[in-house]
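S.K.: Have a look at this prediction, sequence included:
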Amino acid sequence: MKFTEFGFEPPILEALDAMGFDTPTPIQVQAIPAIMQNRDVIACAQTGTGKTAAFVLPILNAICKRGSSEKVSTIVIVPTRELAMQIDQQVEGLSYFTNATSIAIYGGGDGQSFDSEKKALTTGADIVICTPGRFISHLSMGYFDTSGVKHLILDEADRMLDMGFNEDISRIAEQLPKERQNLMFSATMPPKIRQLSNQLLKDPITINIAISKPNEGILQAAYLVHNNQKIALIKHLLKGKDHDFILVFSSRKSSVKEITAALNKQGMPAKSIHSDLTQQEREAVLLDFKNKKIQLLVATDVLSRGIDIQGINLVINYDIPSDAEDYVHRIGRTARGDNTGVAITFINADECYNFSKIEKLIEKEVHKLALPEGFEEGPKYDTTYKKPFKGKKNFSKKGNWSKKPAK
């Protein structure tokens with residue numbers, strides 16, 4: 001199937017052609033027709049499968065057909081500022097030949113950014129991509145007219161529920177017109193997602209695409225290591241990879257800082273993303289990594305979901321993520337599309353049980369590699385020892401918004 005077969009308006013097809021998109025992904029093949037028929041949809045698909053375009057394209061097509069208005073027509077709720085920024089960038093690209101407008105709304109900015117958001121909401125940006133808390137801040141001020149909202153979209157819905165946004169989502173939905181289209185996209189489908197779906201969606205079409213399984217193009221391996229061996233092992237693994245693009249994940253901000261400092265001291269230029277950076281600093285680092293100005297990025301789990309960066313060759317898990325599902329999202333940053341990649345995980349003695357849960361989830365035993373020559377023996381893979389562990393979640397563009405003329 002080709003994008004030309006969906007019946008998109010000419011400006012949408014022109015944008016797809018300009019961006020080099022010809023063939024839709026499986027999630028797009030199933031979701032786009034249902035959304036264009038104005039059906040509610042709940043879709044479960046891995047990251048990297050094109051699910052953002054699966055809802056952005058039909059929404060933009062609808063805006064093209066009815067014309068841009070002076071009221072917001074579409075609300076997209078997302079868990080993090082990084083995902084809001086990324087979706088806004090995709091909307092800008094896919095809407096380039098239309099007069100549709102969008103803005104990303106999220107916390108952490110200054111008063112000037114809040115005023116810019118207020119102007120977009122009151123003047124009528126067509127598509128608003130927002131984090132729940134920031135959007136509620138605007139709703140509570142009373143100046144946002146919700147009567148024009150025709151589409152409510154929840155992206156990374158499972159992540160938002162994990163972060164405790166259930167009540168915020170319900171509060172937002174209650175203030176929107178009842179006669180609207182509801183779309184829910186999630187990487188997993190636990191019972192709480194089903195409950196939210198029953199609450200918000202009306203007779204939805206359900207779409208399931210490869211739930212919770214890593215891309216087959218990812219070569220997975222693991223090392224059993226003591227904590228005091230991890231930094232040395234990273235340095236060893238990165239030797240000779242001068243042309244690779246590498247992403248290192250850690251659940252803890254302190255570890256991210258420690259790894260970054262150690263690599264830079266070793267003459268391996270690395271940047272990091274964590275909650276201590278300002279909004280502008282995070283955006284600059286992420287943009288440099290996307291544009292291949294940085295080859296080595298160390299980050300917390302804020303980057304494990306939804307961030308689509310092509311060309312990452314290697315993902316290293318410095319530790320085990322706090323949720324088994326997050327492992328799938330972490331390693332999913334490599335082998336995007338039809339590409340291949342490598343994911344290496346460090347497992348200490350306390351993490352064996354939790355890693356066995358990951359192996360059960362992905363229905364695959366990850367090969368345990370022997371430590372390189374010169375390293376002392378690591379711990380045994382004892383999955384009977386269960387020690388609770390806690391992960392931290394770190395959250396964090398303000399796009400310049402204005403009505404744009406049709407091109």
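M.R.: Looks like it came in fine.
S.K.: Compute the distance between residue 270 and residue 309, please.
M.R.: 16 Å (CB to CB, to the nearest Å). Heads up, the C-betas are built off the backbone N, CA and C, glycines and all.
S.K.: In terms of neighbours, single out the busier of these two.
M.R.: residue 270 (22 against 18; other CB atoms under 10 Å).
S.K.: The more buried one contacts residue 299, doesn't it?
M.R.: No - contact status for residue 270 versus residue 299: not in contact, 10.5 Å apart, counting by CB atoms under 8 Å.
S.K.: which residues does residue 133 contact?
M.R.: 107, 165, 168 (CB atoms under 8 Å, 6 or more residues apart in numbering).
S.K.: Name the member of those with the most neighbours.
M.R.: Neighbour max across the contacts of residue 133 (other CB under 10 Å) = residue 165, 22 neighbours.
S.K.: So that residue sits against residue 132, correct?
M.R.: Yes - using CB under 8 Å, residue 165 is in contact with residue 132, at 4.7 Å.
S.K.: residues contacting the residue lying closest to residue 339 once chain neighbours are set aside?
M.R.: Nearest in space to residue 339, with sequence neighbours left out and distances taken as CB to CB, 6 or more residues apart in numbering, is residue 217 at 6.3 Å. When contacts are counted by CB under 8 Å, 6+ apart, residue 217 touches 335, 338-341.
S.K.: got a markdown table for those residues, with distance to residue 57, neighbour count and pLDDT too?
M.R.: Formatted as a markdown table, the contacts of residue 217 follow (distance: CB to CB, whole Å; neighbours: other CB atoms under 10 Å; pLDDT from 0 to 100):
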| residue | distance to residue 57 | neighbour count | pLDDT |
| --- | --- | --- | --- |
| 335 | 24 | 22 | 91 |
| 338 | 21 | 7 | 81 |
| 339 | 23 | 15 | 88 |
| 340 | 27 | 12 | 93 |
| 341 | 27 | 23 | 95 |
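S.K.: Make a markdown table out of those residues and add secondary structure.
M.R.: Output for those, formatted as a markdown table (DSSP: H, G, I helix; E, B strand; the rest coil):
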| residue | secondary structure |
| --- | --- |
| 335 | coil |
| 338 | coil |
| 339 | coil |
| 340 | coil |
| 341 | strand |
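S.K.: out of the residues you listed, what pair is the most spread apart?
M.R.: Maximum pairwise distance in those, criterion CB to CB, is 11.2 Å, between 338 and 341.
S.K.: can you give me the helices for the stretch 251-400 of the chain?
M.R.: 253-265, 279-290, 324-331, 352-362 (DSSP state H, counting those that start in this stretch).
S.K.: nearest to residue 378, of those helices?
M.R.: Nearest of the helices of the stretch 251-400 of the chain (CB to CB): helix 352-362, 10.9 Å.
S.K.: Excluding residues flanking it in the chain, which one is nearest residue 380?
M.R.: residue 224 (7.1 Å).
S.K.: give me phi/psi at the one you found?
M.R.: In terms of degrees, to the nearest 10, the main-chain angles of residue 224 are phi -90, psi 110.
S.K.: could you give the mean pLDDT of the helix ranked longest in the chain?
M.R.: Identified as the longest helix of the chain according to DSSP state H is helix 51-66. Mean pLDDT, helix 51-66: 94.
S.K.: and after it, which helix or strand comes next?
M.R.: Remark: after helix 51-66, the chain's next helix or strand is strand 74-77, criterion DSSP states H and E.
S.K.: Quick one: mean pLDDT over that next one.
M.R.: Strand 74-77 comes out at a mean pLDDT of 97.
S.K.: same for that strand, what does it pack against?
M.R.: helix 51-66, strand 127-130, helix 132-141, strand 151-154, helix 166-174 (3 or more CB pairs under 8 Å, 6 or more residues apart in numbering; DSSP states H and E).
S.K.: for the longest one, the distance to its chain's centre please.
M.R.: If you compare the mean C-alpha spot of helix 51-66 with that of the full chain, they lie 19 Å apart, counting by CA atoms, centre = their mean, to the nearest Å.
S.K.: Flag every buried residue along it.
M.R.: Neighbour counts over helix 51-66 (16 or more other CB atoms under 10 Å) mark 51-64 as buried.
S.K.: From the contact counts, what lies against that helix?
M.R.: Short answer (3+ CB pairs under 8 Å, 6+ apart): helix 51-66 packs on helix 10-18, helix 26-36, strand 41-45, strand 74-77, helix 81-94, strand 151-154, strand 181-186.
S.K.: still on that earlier bit, want to try TSV for the contacts of residue 133, with distance to residue 44 as columns?
M.R.: Shown next, in TSV, are these (distance: CB to CB, whole Å):
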residue	distance to residue 44
107	28
165	18
168	22
